[in-house]
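Student: how would this look folded up:
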Amino acid sequence: MPSDQTLPAPDGRPWNKGQLIGQKRPLKPKDVWAIRVRLELHGSRRDVALFDLAIDSKLRACDLVRLKTQDVYVGSRARERATVIQKKTGRPVQFEISLQTRAALEALLESTDKSYGDYLFPSRFQAKDHLSIRQYARLIHQWVEDAGLDTVVYGTHSMRRTKAAQIYRKTGNLRAVQLLLGHTKLESTVRYLGIEVDDALSLSEQVEI
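Tutor: Have a look, this model is predicted:
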(Lines give C-alpha, C1' and ligand atoms only; values in the text may rest on other atoms or scores of the structure.)
Protein backbone atom coordinates (compact mmCIF):
# COMPACT_ATOMS: atom_id res chain seq x y z
CA MET A 1 0.00 0.00 0.00
CA PRO A 2 1.50 3.42 -0.93
CA SER A 3 2.44 5.82 1.82
CA ASP A 4 0.88 9.25 2.34
CA GLN A 5 3.83 10.75 0.48
CA THR A 6 3.49 8.67 -2.71
CA LEU A 7 -0.20 8.66 -3.58
CA PRO A 8 -0.67 9.28 -7.32
CA ALA A 9 -2.35 12.33 -8.74
CA PRO A 10 -5.73 11.86 -10.49
CA ASP A 11 -3.96 11.57 -13.86
CA GLY A 12 -1.72 8.79 -12.57
CA ARG A 13 1.41 10.86 -11.98
CA PRO A 14 2.93 10.89 -8.47
CA TRP A 15 2.10 14.27 -6.92
CA ASN A 16 5.73 14.61 -5.80
CA LYS A 17 7.32 13.82 -9.18
CA GLY A 18 10.57 15.73 -9.55
CA GLN A 19 10.82 16.44 -5.83
CA LEU A 20 13.35 15.15 -3.33
CA ILE A 21 11.66 12.53 -1.17
CA GLY A 22 12.70 10.65 1.96
CA GLN A 23 12.36 10.95 5.71
CA LYS A 24 10.82 14.31 6.51
CA ARG A 25 12.12 16.28 9.47
CA PRO A 26 9.98 17.00 12.52
CA LEU A 27 9.41 20.66 13.24
CA LYS A 28 11.34 22.25 16.08
CA PRO A 29 9.35 24.01 18.83
CA LYS A 30 10.41 27.42 17.48
CA ASP A 31 9.18 26.40 14.01
CA VAL A 32 5.82 25.28 15.41
CA TRP A 33 5.48 28.64 17.15
CA ALA A 34 6.47 30.56 13.99
CA ILE A 35 3.92 28.73 11.83
CA ARG A 36 1.14 28.99 14.40
CA VAL A 37 1.63 32.74 14.87
CA ARG A 38 1.45 33.31 11.11
CA LEU A 39 -1.70 31.22 10.78
CA GLU A 40 -3.37 33.08 13.64
CA LEU A 41 -2.45 36.43 12.10
CA HIS A 42 -3.82 35.25 8.77
CA GLY A 43 -7.13 34.53 10.48
CA SER A 44 -7.87 31.09 9.03
CA ARG A 45 -9.62 29.16 11.79
CA ARG A 46 -9.57 26.04 9.63
CA ASP A 47 -5.79 26.16 9.15
CA VAL A 48 -5.06 26.91 12.82
CA ALA A 49 -7.22 23.97 13.93
CA LEU A 50 -5.76 21.67 11.26
CA PHE A 51 -2.17 22.55 12.17
CA ASP A 52 -2.68 22.24 15.93
CA LEU A 53 -4.61 18.98 15.63
CA ALA A 54 -2.03 17.51 13.25
CA ILE A 55 0.70 18.15 15.83
CA ASP A 56 -1.33 16.85 18.79
CA SER A 57 -2.86 13.79 17.15
CA LYS A 58 0.31 12.46 15.48
CA LEU A 59 -2.02 10.87 12.91
CA ARG A 60 -1.06 9.84 9.41
CA ALA A 61 -2.35 12.25 6.79
CA CYS A 62 -4.89 9.69 5.55
CA ASP A 63 -6.44 9.50 9.02
CA LEU A 64 -6.21 13.21 9.85
CA VAL A 65 -8.10 14.40 6.76
CA ARG A 66 -10.88 11.84 7.33
CA LEU A 67 -11.71 12.99 10.87
CA LYS A 68 -15.33 13.84 11.52
CA THR A 69 -16.78 16.24 14.06
CA GLN A 70 -17.95 13.34 16.23
CA ASP A 71 -14.33 12.18 16.57
CA VAL A 72 -13.16 15.31 18.35
CA TYR A 73 -16.28 17.03 19.72
CA VAL A 74 -18.86 16.27 22.39
CA GLY A 75 -21.66 18.70 21.72
CA SER A 76 -20.01 22.06 21.14
CA ARG A 77 -16.95 21.21 23.22
CA ALA A 78 -13.75 19.60 22.00
CA ARG A 79 -12.75 16.34 23.61
CA GLU A 80 -9.66 16.11 25.81
CA ARG A 81 -8.83 12.72 24.28
CA ALA A 82 -9.93 10.99 21.11
CA THR A 83 -9.69 7.52 19.57
CA VAL A 84 -9.40 6.82 15.85
CA ILE A 85 -9.27 3.56 13.90
CA GLN A 86 -6.19 3.76 11.68
CA LYS A 87 -6.80 3.19 7.99
CA LYS A 88 -3.41 1.54 7.46
CA THR A 89 -3.54 -0.97 10.32
CA GLY A 90 -7.21 -1.17 11.27
CA ARG A 91 -6.14 -0.72 14.89
CA PRO A 92 -7.32 2.04 17.27
CA VAL A 93 -4.96 4.78 18.37
CA GLN A 94 -5.62 7.37 21.06
CA PHE A 95 -4.35 10.91 21.25
CA GLU A 96 -4.64 13.86 23.59
CA ILE A 97 -6.04 17.22 22.52
CA SER A 98 -4.26 20.06 24.26
CA LEU A 99 -6.05 23.08 25.69
CA GLN A 100 -4.71 25.24 22.86
CA THR A 101 -5.93 22.82 20.22
CA ARG A 102 -9.33 22.48 21.90
CA ALA A 103 -9.71 26.26 21.77
CA ALA A 104 -8.84 26.22 18.06
CA LEU A 105 -11.34 23.43 17.37
CA GLU A 106 -14.13 25.19 19.28
CA ALA A 107 -13.42 28.41 17.40
CA LEU A 108 -13.66 26.45 14.15
CA LEU A 109 -16.98 24.91 15.15
CA GLU A 110 -18.39 28.33 16.06
CA SER A 111 -17.54 29.65 12.59
CA THR A 112 -19.23 26.82 10.68
CA ASP A 113 -22.56 25.01 10.53
CA LYS A 114 -21.12 21.50 10.81
CA SER A 115 -23.39 18.70 11.93
CA TYR A 116 -22.21 15.77 14.03
CA GLY A 117 -21.32 13.46 11.14
CA ASP A 118 -19.66 16.01 8.86
CA TYR A 119 -16.01 15.91 7.97
CA LEU A 120 -13.99 18.16 10.22
CA PHE A 121 -11.90 19.47 7.32
CA PRO A 122 -14.09 19.35 4.20
CA SER A 123 -12.74 19.78 0.71
CA ARG A 124 -13.24 23.18 -0.84
CA PHE A 125 -13.38 21.60 -4.30
CA GLN A 126 -15.63 18.56 -3.89
CA ALA A 127 -18.92 18.81 -2.06
CA LYS A 128 -19.45 16.38 0.81
CA ASP A 129 -15.87 15.13 0.66
CA HIS A 130 -12.92 15.67 2.97
CA LEU A 131 -9.71 17.57 2.41
CA SER A 132 -7.47 15.42 0.23
CA ILE A 133 -3.94 14.39 1.16
CA ARG A 134 -2.66 16.42 -1.80
CA GLN A 135 -4.50 19.51 -0.56
CA TYR A 136 -3.17 18.93 2.95
CA ALA A 137 0.39 18.54 1.60
CA ARG A 138 0.05 21.80 -0.31
CA LEU A 139 -1.11 23.59 2.82
CA ILE A 140 1.91 22.33 4.75
CA HIS A 141 4.19 23.44 1.91
CA GLN A 142 2.68 26.93 2.14
CA TRP A 143 2.92 27.06 5.94
CA VAL A 144 6.56 26.00 5.88
CA GLU A 145 7.43 28.41 3.09
CA ASP A 146 5.75 31.34 4.85
CA ALA A 147 7.77 30.56 7.98
CA GLY A 148 11.00 30.76 5.98
CA LEU A 149 11.78 27.03 6.25
CA ASP A 150 13.09 24.69 3.57
CA THR A 151 10.03 23.20 1.89
CA VAL A 152 12.05 20.26 0.54
CA VAL A 153 12.70 18.70 3.95
CA TYR A 154 9.22 19.07 5.49
CA GLY A 155 5.97 17.35 4.59
CA THR A 156 2.89 15.61 5.99
CA HIS A 157 5.03 13.23 8.05
CA SER A 158 6.70 16.24 9.67
CA MET A 159 3.39 16.98 11.36
CA ARG A 160 3.10 13.36 12.55
CA ARG A 161 6.69 13.20 13.81
CA THR A 162 6.94 16.59 15.54
CA LYS A 163 5.37 15.85 18.93
CA ALA A 164 6.53 12.23 18.92
CA ALA A 165 10.14 13.38 18.48
CA GLN A 166 9.81 15.85 21.36
CA ILE A 167 8.30 13.21 23.65
CA TYR A 168 11.16 10.85 22.87
CA ARG A 169 13.81 13.53 23.44
CA LYS A 170 12.32 14.47 26.80
CA THR A 171 11.54 10.99 28.12
CA GLY A 172 13.51 8.43 26.13
CA ASN A 173 10.40 6.24 26.36
CA LEU A 174 10.14 4.36 23.07
CA ARG A 175 7.15 2.30 24.20
CA ALA A 176 5.12 5.42 24.91
CA VAL A 177 5.96 6.85 21.50
CA GLN A 178 5.11 3.52 19.87
CA LEU A 179 1.64 3.59 21.42
CA LEU A 180 1.05 7.22 20.51
CA LEU A 181 2.02 6.63 16.88
CA GLY A 182 -0.03 3.44 16.68
CA HIS A 183 2.92 1.33 15.52
CA THR A 184 2.54 -2.43 15.90
CA LYS A 185 6.29 -2.99 16.24
CA LEU A 186 8.86 -1.12 18.30
CA GLU A 187 11.29 -1.42 15.39
CA SER A 188 8.97 0.73 13.30
CA THR A 189 9.14 3.47 15.92
CA VAL A 190 12.93 3.25 15.98
CA ARG A 191 13.11 3.71 12.21
CA TYR A 192 10.49 6.43 12.21
CA LEU A 193 12.31 8.54 14.78
CA GLY A 194 15.71 7.87 13.22
CA ILE A 195 17.17 6.69 16.53
CA GLU A 196 20.69 5.36 16.69
CA VAL A 197 20.63 1.57 16.99
CA ASP A 198 22.72 1.33 20.18
CA ASP A 199 20.64 4.01 21.86
CA ALA A 200 17.43 2.29 20.78
CA LEU A 201 18.52 -1.13 22.06
CA SER A 202 19.60 0.32 25.38
CA LEU A 203 16.25 2.00 25.87
CA SER A 204 14.32 -0.98 24.57
CA GLU A 205 15.89 -3.20 27.25
CA GLN A 206 14.35 -0.92 29.86
CA VAL A 207 10.83 -1.20 28.46
CA GLU A 208 8.53 -3.89 29.81
CA ILE A 209 5.81 -4.94 27.35
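Student: so what's the residue count around Leu186?
Tutor: Neighbourhood size, Leu186 [other C-beta atoms under 10 Å]: 17. C-beta here means a position set from N, CA and C on the backbone, and glycine is covered the same way.
Student: again but with Arg124, I slipped
Tutor: 10.
Student: now for it: which residues touch it?
Tutor: Contact partners of Arg124, counting by C-beta atoms under 8 Å, 6 or more residues apart in numbering, are 131, 135.
Student: where along this protein do the strands fall?
Tutor: 73-74, 77-78, 81-85, 92-96 (DSSP state E).
Student: wait, which of those is closest to Leu41?
Tutor: Across the strands of the chain, Leu41 has its closest neighbour in strand 77-78 (22.4 Å, C-beta to C-beta).
Student: once you drop chain neighbours, what's closest to the most centrally placed residue in the chain?
Tutor: Closest to where the C-alpha atoms of the chain average out (C-alpha atoms, centre = their mean) is Ala54, at 3.2 Å. Nearest residue to Ala54 in three dimensions, chain neighbours excluded: Met159, at 3.9 Å (C-beta to C-beta, 6 or more residues apart in numbering).
Student: count of neighbours near that neighbour?
Tutor: Per other C-beta under 10 Å, the neighbour tally for Met159 reads 28.
Student: show me what contacts it?
Tutor: Applying C-beta under 8 Å, 6+ apart to Met159 gives the contacts 27, 51, 54-55, 61, 64, 140.
Student: next, the angle from the longest helix along the chain to strand 92-96.
Tutor: Criterion DSSP state H: the longest helix present in the chain is helix 156-171. Note on geometry: by axes from the mean of the first three to the mean of the last three C-alpha atoms, to 10 degrees, helix 156-171 and strand 92-96 are set 70 degrees apart in direction.
Student: which parts of helix 156-171 are buried?
Tutor: 156-168 (16 or more other C-beta atoms under 10 Å).
Student: same check, this time on stretch 130-149
Tutor: Using 16+ other C-beta under 10 Å as the test for burial, stretch 130-149 gives 130-134, 136-137, 139-141, 143-144, 147, 149.
Student: swap in stretch 72-87?
Tutor: 72-73, 78-79, 82, 84, 86.
Student: just how off-centre is it within its chain?
Tutor: 15 Å (C-alpha atoms, centre = their mean, to the nearest Å).
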